[in-house]
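J.: how does the following fold in three dimensions:
(one chain, ligands or ions: 1)
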Amino acid sequence: MNLILPKQIFSKVMRAVVEFDMIQDGDKILIGLSGGKDSLLLSYALATLKQRTQKKFSLAAVTINPNFDDNFKSNAENLKNFCADLKIPYQIEDVDIFSAIQACNKNPCFTCAYFRRAAINRIANEIGANKVAYAHHLDDAVETFFMSLLYSGQLTVFTPKTFLSRTNITVIRPLVYLREYQVKNFAKEKNFAVVKSPCPFDGNTNRQNTKNLIAELGKSFPDLFEHLAAAMRESSIGELWSAPKTQAEMRQIYFSYVNKNLSL
Ligand code: SF4
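T.: Numbers count the residues shown, from 1 in each chain. Below is the predicted model of the structure:
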């Protein structure tokens, strides 16, 4: 099959791959294929790069069945054909994330992401993949960045390329420059058979709340999304307060103001 990406998608994927030097000769890249539009596009895009660039790398894909829904496996059946068309070896892996969420009593998305990542890293090690590719796009990155501020008082964001020393795996996110609407449009144009998320929490998460908030604020601040995206860069950091002092440091300075033997 002759694979072609529209110019505006190809150029953004190439920008991320080149800027963060994501692919080397000899790489084996395991794709986290949930069956949503994002991961379908990621698989298609990486298969296209394999066909159209001179890098020599191989691909594999895995879908995690989180045990949210008995019909998931039959619904995901078309992913096997999708990958076969792209010549990507494919497997589906059962991981009982639903029970883990019930047992943990923590934020369901935190538990879910933890178990998914652990399973995908394990499978990457088992099949000899040195890289794992996820389908996060620019909207995901901006939402994560804003969420970190809203929910934890920190400024953090996932990085386009990260080496995980414990598992010896490099995580890459080749779609980080794509906007969600571009992914949606392409999935529609290609008539991708998207697997509906079986997640009972879908649409009712901190991420969804943050997405809604950015959309709402965007009505009053039309450049908000672009400003948030620009602020994710290290080079954009303006002047911030210094890190808080330790108790010992505070005590030392405190007694330069106040005589130890006197109380105020
Ligand atoms: S929305 Fe559902 S599938 Fe997505 S991370 Fe949260 S629990 Fe997992």
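J.: okay, CA-based contacts and neighbour counts for the rest of this
T.: Noted.
J.: how far away from the center of its chain is stretch 34-43?
T.: Its chain's average C-alpha position is 12 Å from that of stretch 34-43, according to CA atoms, centre = their mean, to the nearest Å.
J.: just stretch 143-152 next, same as before
T.: 14 Å.
J.: what average pLDDT does it get?
T.: In this model, stretch 143-152 has an average pLDDT of 96.
J.: contact partners of it?
T.: Gln154, Leu155, Thr156, Val157, Phe158, Asn206, Arg207, Thr210, Lys211, Ile214, Leu228, Met232 (CA atoms under 8 Å, 6 or more residues apart in numbering).
J.: does the ligand sit close to it?
T.: No. Applying CA under 6 Å from any ligand atom, one finds stretch 143-152 separated from the ligand by no less than 12.4 Å.
J.: in that stretch, which residues have enough neighbours to count as buried?
T.: Glu143, Thr144, Phe145, Phe146, Met147 (16 or more other CA atoms under 10 Å).
J.: which element is the third one on?
T.: The one in question is Phe145. helix 138-152 (DSSP states H and E).
J.: so how far is that helix off the chain centroid?
T.: Taking mean C-alpha positions (CA atoms, centre = their mean), helix 138-152 and its chain are 11 Å apart.
J.: with just CA atoms, put it into PDB.
T.: What follows is helix 138-152, C-alpha atoms only, in PDB (Å, rounded to 0.1, in the frame of the first residue of the first chain):
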ATOM      1  CA  LEU A 138      -0.400  19.500  21.100                       C
ATOM      2  CA  ASP A 139      -3.800  19.800  22.800                       C
ATOM      3  CA  ASP A 140      -2.900  17.000  25.100                       C
ATOM      4  CA  ALA A 141       0.400  18.700  26.000                       C
ATOM      5  CA  VAL A 142      -1.200  22.100  26.700                       C
ATOM      6  CA  GLU A 143      -3.900  20.500  28.800                       C
ATOM      7  CA  THR A 144      -1.300  18.500  30.800                       C
ATOM      8  CA  PHE A 145       0.700  21.700  31.300                       C
ATOM      9  CA  PHE A 146      -2.400  23.700  32.500                       C
ATOM     10  CA  MET A 147      -3.600  20.800  34.600                       C
ATOM     11  CA  SER A 148      -0.300  20.700  36.500                       C
ATOM     12  CA  LEU A 149      -0.800  24.300  37.500                       C
ATOM     13  CA  LEU A 150      -4.500  23.900  38.400                       C
ATOM     14  CA  TYR A 151      -4.300  20.600  40.300                       C
ATOM     15  CA  SER A 152      -0.800  20.500  41.700                       C
END
